[in-house]
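Participant: Here is a sequence with its predicted model. Questions after.
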Amino acid sequence: MSSEDAVLHREVETLYFAHHTWLRGWLRRKLGCAHRAADLAHDTFLRLLARDEPIDAREPRAYLTTVAQRVLYNHWRREQIEQAWLDAIAQAPEPLAPSPEERAIIVETLVEIDALLDGLPVAVKRAFLLAQLDGATHAQIAAELHISLATVKRYLARAGEQCFFALSVGTFA
């Protein structure tokens, strides 16, 4: 373990012992569930441990709140994605229903795709998803979104470029 890693671990340990109970309570008030709050408090500290540099938080609770809000946002976003997928799969015939393991893999993949497309305009995301998930042609996408073929091509190029660069920098590798 490098000296920077040791410093980071000591900082996280200090934050954990001093503020874990407070953070768990803060999350419990936001979520209304002590179990989920405990899980997300744990995820918050794991996120801190994954950092590459020391924390050096002058206002520890404000810092933890900021990190926890990001974890909470990711949690809520994942729930939205999972619910949308469950709504879609509920319309499938029973024999096509995936196993619990397949469901977990599919939801995780959808969450990763959502993260890859994060920051793109809604129309660009829709065009990309229509092409990639529904297999829609450029003409079908143009008709669905009421845009030109040239715009469809630009949107798909933009979304593909964002995915490529996110993968190339190791965000999801």
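Facilitator: Thanks, I have it.

Participant: Spatially nearest residue to residue 117 (excluding sequence neighbours)?
Facilitator: Using Cβ to Cβ, 6 or more residues apart in numbering and skipping residues adjacent in sequence, the residue nearest residue 117 is residue 125, 4.9 Å away. C-betas here are computed from N, CA, C, even on glycine.

Participant: Flag every buried residue along the helix or strand containing that neighbour.
Facilitator: Element membership for residue 125, per DSSP states H and E: helix 122-132. Buried positions in helix 122-132, judged by neighbour count with 16 or more other Cβ atoms under 10 Å: 124, 125, 126, 127, 128, 129, 130, 131.

Participant: Provide the contact partners of stretch 68-79 at residue level.
Facilitator: Defining contact as Cβ atoms under 8 Å, 6 or more residues apart in numbering, one finds that stretch 68-79 is touched by 23, 26-27, 30-31, 36, 40-41, 43-44, 47, 107, 111, 114.

Participant: Past the helix holding residue 125, which element shows up next along the chain?
Facilitator: Reading on from helix 122-132 to the C-terminus, the next helix or strand found by DSSP H and E is helix 138-145.

Participant: Now do that following helix against helix 122-132, angle only.
Facilitator: Using axes from the mean of the first three to the mean of the last three Cα atoms, to 10 degrees, the direction of helix 138-145 lies 140 degrees away from that of helix 122-132.

Participant: Which other helices and strands does helix 138-145 contact?
Facilitator: Helices and strands touching helix 138-145, by 3 or more Cβ pairs under 8 Å, 6 or more residues apart in numbering; DSSP states H and E, are helix 122-132, helix 149-168.

Participant: which residues sit against it?
Facilitator: 123, 126-127, 130-131, 136, 147-149, 151-153, 156.

Participant: still on that earlier bit, distance to residue 4 and mean pLDDT for the helices and strands packed on helix 138-145 - can I get that in TSV?
Facilitator: As requested, those are arranged in TSV below (distance: least, Cβ to Cβ, whole Å; pLDDT from 0 to 100):
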stretch	distance to residue 4	mean pLDDT
helix 122-132	37	91
helix 149-168	25	88
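
Participant: Adding distance to residue 93, write these out as CSV.
Facilitator: Rendered in CSV, the data for the helices and strands packed on helix 138-145 read as follows (distance: least, Cβ to Cβ, whole Å):
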stretch, distance to residue 93
helix 122-132, 23
helix 149-168, 31
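
Participant: which one of these lies closest to residue 63?
Facilitator: Each of those was scored for nearness to residue 63 using Cβ to Cβ, and the closest is helix 149-168 (25.8 Å).
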